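*Asks:* Need the 3D shape of this:
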Amino acid sequence: MHITKSLPTIDSVLQLEPEELAGYLLEHFGGSTSSLNPHNFGLEVDQYYKDERAKKALLEAWAWLVREGLLIASKDNWFSCLVVASN
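*Replies:* Numbers count the residues shown, from 1 in each chain. Here you go, the predicted model:
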């Protein structure tokens, strides 16, 4: 599910703590087996929200996932998601 479906407004992003946003990121990644890149994700966020605060909040949630071991760095700032989201 695209993150903007669950979090349609900037306010819906900004009202959540990083660990809460992290759950939405996991849904967004959808158990993807492809590599994930925070820069590319940030560009995608910018296109929709057009607000640096939303981008910062979502990238902070990304960092939380890394810290908790749910996103694993591979090489050159690419990551793999260890969690398969269920619908």
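*Asks:* Identify the residues contacting the residue nearest the centre of the chain.
*Replies:* The residue at the geometric middle of the chain, judged as the C-alpha nearest the mean C-alpha position with C-alpha atoms, centre = their mean, is L25 (3.6 Å). When the contact criterion is C-beta atoms under 8 Å, 6 or more residues apart in numbering, the partners of L25 are I3, L58, A61, W62, L65. The C-beta positions use only the backbone N, C-alpha and C, and glycine is treated the same way.
*Asks:* Just the closest of the residues you listed to W78, please.
*Replies:* Proximity of these to W78 (C-beta to C-beta) peaks at W62, which lies at 12.6 Å.
*Asks:* these two touch, right, the closest one and N37?
*Replies:* No: in this structure, W62 sits apart from N37 without contact. The criterion is C-beta atoms under 8 Å, and the distance is 10.1 Å.
*Asks:* So between those two, which is more surrounded?
*Replies:* A direct count of neighbours by other C-beta atoms under 10 Å for W62 and N37 places W62 higher, at 20 against 13.
*Asks:* and that one, what element?
*Replies:* Assigned by DSSP states H and E, W62 belongs to helix 52-67.
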